[in-house]
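Provided below for reference: sequence and predicted model.
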Amino acid sequence: MKLIIAIVQDEDSSKLLSKLMQKGFGVTKLATTGGFLRAGNTTLLLGVDEDRISEAIHIIETVCKSRKQMTAATTGINNITHGEYAAFPMEVTVGGATLFVLNVEQFLKV
Ligand code: 2BA
């Protein structure tokens, strides 16, 4: 068995959860926050048999869309007094999904 950790955008999470459940995958949904945008995103934990890994990844790829998002990036600027920061708008492309696939040593329900 493998554990897929999938970080997805909140907008895609409900549809993705439904599709995965329909196909019989076990899923846990966590409300998370991205470190860069400091905005909400969703992390799904899926325990998946090895022969269904590519099926799970295919569903995630199909549902999760990449989107452009504006953020006020904060940076130090040389001609501003030391310790002061300026914010400027910056466009980032978020997602489809960020996936980690880990080996599971043991899967127990006790
Ligand atoms: P955030 O950290 O909020 O990042 C949102 C998007 O901002 C990223 O999209 C990327 O396009 C951009 N970004 C992130 N760090 C950046 C930086 N230092 N400079 C410029 N742009 C930057 P994604 O790459 O699609 O990532 C979406 C979310 O997936 C991330 O939200 C984070 O929650 C998670 N993530 C991505 N890579 C990760 C990693 N290596 N480890 C853990 N979580 C990760």
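Nice, thanks for sending it over. Numbering: from 1, shown residues only.

what number of residues lie near the residue in the chain that the ligand sits nearest to?
Nearest residue of the chain to the ligand: residue 34, at 2.1 Å (C-beta to the nearest ligand atom). Every residue, glycine included, has its C-beta placed from N, CA and C. Residue 34 has 14 neighbours, counted by other C-beta atoms under 10 Å.

verify the stated contact: it with residue 69.
No - the pair residue 34 / residue 69 is not scored as a contact, 10.1 Å apart, by C-beta atoms under 8 Å.

overlap in contacts, those two.
Counting by C-beta atoms under 8 Å, 6 or more residues apart in numbering, the shared contacts of residue 34 and residue 69 are residue 94.

residue 69 falls within a helix, correct?
No - using DSSP: H, G, I helix; E, B strand; the rest coil, the secondary structure at residue 69 is strand, not a helix.

ok, the closest residue to it other than its chain neighbours - contacts?
Spatial nearest neighbour of residue 69, excluding adjacent residues (C-beta to C-beta, 6 or more residues apart in numbering): residue 94 at 5.3 Å. Listed by C-beta under 8 Å, 6+ apart, the contact set of residue 94 reads 9, 34, 37, 66-69.
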